[in-house]
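*Asks:* Sharing a model that was predicted from the sequence below.
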Amino acid sequence: MADEYPRDEFDQIAESAGPVGVHRAPRPWWILVVTPIVVFIVAGLLAFLIAQFLWNSGESGSESSSTPSATASVEASPSASASASASASASATPEPTETAEPEPVIEYDAAVAVLNGTGIGGLAAGQQSTLEDAGFTAVSAANLTGTKPDVNTVVYADDAMADTAQAVADALGFDAVVQGEPTTDADVEVQIVSDPR
């Protein structure tokens, strides 16, 4: 009937060669195990290399930020760098040079007297500890007697103490810094007439 076809050359090939088409031999067990292991190792190595690249590219920014501090310490000796730059610019084209302001000279071991003229107990001692925390080592506290200023004031006598007096005023948050005659033997005197807190 309709299901019966005469034999042809294709029937002979199928009988002699076995299965034809997508029939494959099974894979060995070690390929099934090794393939995921190799993929994980390659992925881990790639992630490590990317992390190293990003980590090292981040250090170049921090190296450039640490360079100015080294430059700042070099600029602290103006005599060496100023003579080198002056001779280099003199040989090329003359340009106006900027004069750098001198660094403030703060004497942290200068005698500082904190005088309380407010009548509030312990106020001078509190300001004394603030100055000690700021690095000043010879700070004393006492009461202010005699003439009192209108505002909290830092007084210094010697011109050499101007930077130190300004540093004391900055540490305490005072605005008034005056060259005058302290009422004590201290190099810098803090006269408190109102609660600075």
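*Replies:* Happy to help now that I have it.

*Asks:* ok but Ser129 is inside a helix, no?
*Replies:* Yes. Per DSSP: H, G, I helix; E, B strand; the rest coil, Ser129 lies within a helix segment.

*Asks:* For it, give its distance to Ala51.
*Replies:* 47 Å (C-beta to C-beta, to the nearest Å). Backbone N, C-alpha and C define where each C-beta goes, glycine included.

*Asks:* can you pull out the helices in this protein?
*Replies:* With DSSP state H as the definition, the chain shows helices at residue ranges 9-17, 29-75, 78-91, 123-133, 162-172.

*Asks:* where among these is the average confidence lowest?
*Replies:* Here the lowest mean pLDDT among the helices of the chain goes to helix 78-91, at a mean of 49.

*Asks:* give the contact list for the residue lying closest to Phe174 once chain neighbours are set aside.
*Replies:* Ranked by C-beta to C-beta, 6 or more residues apart in numbering and with sequence neighbours excluded, the top spatial neighbour of Phe174 is Asn152, at 4.9 Å. By C-beta atoms under 8 Å, 6 or more residues apart in numbering, Asn152 lies in contact with Leu172, Phe174, Ala176, Val190, Gln191, Ile192, Val193, Ser194, Pro196.

*Asks:* Apply 10 Å and report the result again.
*Replies:* Contacts were defined as C-beta atoms under 10 Å, 6 or more residues apart in numbering; by that measure Asn152 touches 117-118, 127, 169, 172-176, 190-196.

*Asks:* which residues sit in contact with the residue lying closest to Ala142 once chain neighbours are set aside?
*Replies:* Of all residues beyond its chain neighbours, the one nearest Ala142 is Leu115 (5.6 Å), with distances taken as C-beta to C-beta, 6+ apart. Applying C-beta under 10 Å, 6+ apart, one finds that Leu115 lies in contact with 123-124, 127, 140-146, 148, 153, 155, 182-184, 186, 189-193.
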